[in-house]
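> Generate a structure from the sequence data that follows.
(2 chains)
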Amino acid sequence: MWDIIPIFAGIVLALLPFLFLPEHGENIYVVHESQTLFSAELPLDTTLTVMGDCGRTVIKIDGYRADVLEANCPKKLCVKTGEISRPGSAIICVPGKIAVIIEGKSDQDAITR
Amino acid sequence: MQSLDRNRRIASWAILIAAGAIIWILEEFIPRPLPWIKPGLANIFTLVAIVIISPSDGIIVSMGRVILAGLIIGRLGSPNFILSLAGAFFSSISMAILWRIRSPFSIYGLSVIGSLTHVIAQLGIAFFLINFPGPIWLLISTVLLPSIFTGILIGFLTSRLLILLQNSRIHLPE
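Now for the predicted structure:
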C-alpha cells in the first residue's frame, strides 16, 4: 500500500509547525482594564502585588513562567489557571479586570490601545 | 488523430468540465466549519479525466472547470479566483505527472497528493498575494489535516465512479 506514504507525509507536514513553536515568551505585561501596570522582559524572578477591582492579586514570575498565587475574586479562576509560559498565553481575572499576558517577538500588536 | 476521436475528446471535456463546475458551485452552498475547508468534490472529474482520457486532459478539465465556475458566479479575476486557479493548476499537474510516470500510487494516493498540493499551492499564493501577517506556518496544520481526509473521500468516490463507468455502456475515448 503505497498510498500510506502521501497520507503520512501530509500528517508529518501538518504537525511540523508545532516543533518550531517558541518555548517561552519575550515580554510580560500585567494589565488592569486598559492600563499597563507592569511590563518587563523575561526571564525575571519577582513577585508582584497589584490592586484589581476585587483587591489584592499576587503574581509570581519565575524565569519565563508566570502564575497568579492569590486573588480575592469569588471563583478564583485566575489562580486555577496555573502557570503560563508560552508566547500569546494569558491569565485573565474577569471580576478583578486584571490580565497577565506573555508575548513573543512577533506579536507586538497583541495589546492595542 | 482522427476527427471522430478528436470530437469525442472535446465532448468528454465538455461533460467533465460542466459536471465539475456544477458540483463546484453547489459545494459553495454547503455550510462549513472553517471557510477554507471544502470537500473539493469537483476534483473527482479531474481524476476521471486523467484516468480515462489522458493526464494532459485532466489539467485542461481542471482549469476549464475553474474558469467556467468563475464566469458563472461572477468571480473571475478576484483574489479568490486566483487562489482556486492556482490550487487547481498545481494539484492537477502533480496528479497528471504521477499518473503519466505510472507511479505506484492508486487513485487514493493520487487524490490525497492532489488535495495536499492544492492547499499548499493556495497557502503559498495567499502568502505572496496578501502578505498574510503573522506566522502563516501555524495555519498549515489546520489546512493540511482536513485535506488528507477530503483527499481520501475523493479517492473513494472517484474509484466508485470509475467502476460505474467501466461497467456502463458509455463508450470512452481511448
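> Give me the nearest residue to A:His24, chain neighbours excluded.
Using Cβ to Cβ, 6 or more residues apart in numbering or on different chains and skipping residues adjacent in sequence, the residue nearest A:His24 is A:Tyr64, 3.7 Å away. Placement of C-beta: from N, CA and C, glycine included.
> check contacts around that neighbour.
A:23-25, A:42-43, A:85, A:102 (Cβ atoms under 8 Å, 6 or more residues apart in numbering or on different chains).
> Spell out which parts of chain A neighbour chain B.
The interface of chain A toward chain B, taken as Cβ under 8 Å from any Cβ of the partner chain, is made up of A:2-3, A:5-7, A:9-11, A:13-18, A:20-21, A:106-107.
> Give me the buried entries from these.
Among the residues of chain A next to chain B, those scoring as buried are A:3, A:6-7, A:10, A:13-14, A:17, A:107 (criterion: 16 or more other Cβ atoms under 10 Å in any protein chain shown).
> Export these as TSV, with columns for pLDDT and secondary structure.
Below are those laid out as TSV (pLDDT from 0 to 100; DSSP: H, G, I helix; E, B strand; the rest coil):
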residue	pLDDT	secondary structure
A:Asp3	85	coil
A:Pro6	87	helix
A:Ile7	88	helix
A:Gly10	87	helix
A:Leu13	85	helix
A:Ala14	83	helix
A:Pro17	74	helix
A:Asp107	47	coil
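> just the residues you listed now: which is nearest B:Gly124?
A:Leu13 (13.1 Å; Cβ to Cβ).
> buried ones in the helix or strand containing B:Ser84?
In this structure, B:Ser84 sits in helix B:79-100 according to DSSP states H and E. Within helix B:79-100, the residues that count as buried by 16+ other Cβ under 10 Å are B:81-96, B:98-99.
> And it, what does it pack against?
Helices and strands in packing contact with helix B:79-100 are listed as helix B:43-52, helix B:55-72, helix B:107-130; criterion 3 or more Cβ pairs under 8 Å, 6 or more residues apart in numbering or on different chains; DSSP states H and E.
> and B:Leu116, how many neighbours does it have?
Taking other Cβ atoms under 10 Å in any protein chain shown as the neighbour definition, B:Leu116 ends up with a count of 24.
> So it is in contact with B:Pro146, correct?
No. Counting by Cβ atoms under 8 Å, B:Leu116 stays clear of B:Pro146, with 11.0 Å between them.
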